[in-house]
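*Asks:* Kindly generate the corresponding structure for this input.
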Amino acid sequence: MKRMMQRQGQMEADGSPAQRRPPTGATRPRPQAQAQASIPSRVAEFVREIRQELRQVAWPTRGEVVNSSTVVLITLVLLVGLIFVLNYTFARGAAYLFTP
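*Replies:* Numbers count the residues shown, from 1 in each chain. Alright, predicted model coming up:
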């Protein structure tokens, strides 16, 4: 890890953190003023970026969706059953305690 950080310029040879140095003769570039794009062109760019991001999504296969849905439904049924049994038990216990 130490050698990798030295190669990346994050650490000096003695183990101390490296100081960030600007390249020689370089100055900070000034931000360029951008011309305001029209609303339709901004909307079109936004839609293009959305489509580009959606292409990168790893969509699940039909089998993965079926398996996940099955696990969720079985877990749901089991938890509903457990909550029902606990609720019924506590209700009967409370009724037993408070009946004369």
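*Asks:* From here on, just use CA atoms for contacts and neighbour counts.
*Replies:* Fine.
*Asks:* which residues of this protein score low on pLDDT?
*Replies:* Residues of the chain that meet the criterion pLDDT under 70 lie in 20-31, 33-35.
*Asks:* does the most centrally placed residue in the chain count as helix, strand or coil?
*Replies:* By Cα atoms, centre = their mean, the chain has its centre lying nearest to residue 57, at 12.6 Å. Look at residue 57: counting by DSSP: H, G, I helix; E, B strand; the rest coil, its state is coil.
*Asks:* Got phi/psi on it?
*Replies:* Note on residue 57: its backbone torsions stand at phi -70, psi 140 [degrees, to the nearest 10].
*Asks:* Distance check, it against residue 66.
*Replies:* The gap separating residue 57 from residue 66 is 19 Å, by Cα to Cα, to the nearest Å.
*Asks:* cool, residue 49 as well?
*Replies:* From residue 49 over to residue 66 (counting by Cα to Cα), the distance is 30 Å.
*Asks:* Same check on residue 36?
*Replies:* Applying Cα to Cα to residue 36 and residue 66 gives a distance of 47 Å.
*Asks:* between those two, which one's more packed in?
*Replies:* Between residue 36 and residue 66, residue 66 has the larger neighbour count (other Cα atoms under 10 Å), namely 12 against 7.
*Asks:* And the helices in the protein?
*Replies:* Taking DSSP state H, the helices of the chain run over residues 2-7, 39-55, 62-98.
*Asks:* which one of the ones you listed is the most hemmed in?
*Replies:* With neighbours taken as mean count of other Cα atoms under 10 Å, these reach their highest mean count in helix 2-7, at a mean of 13.
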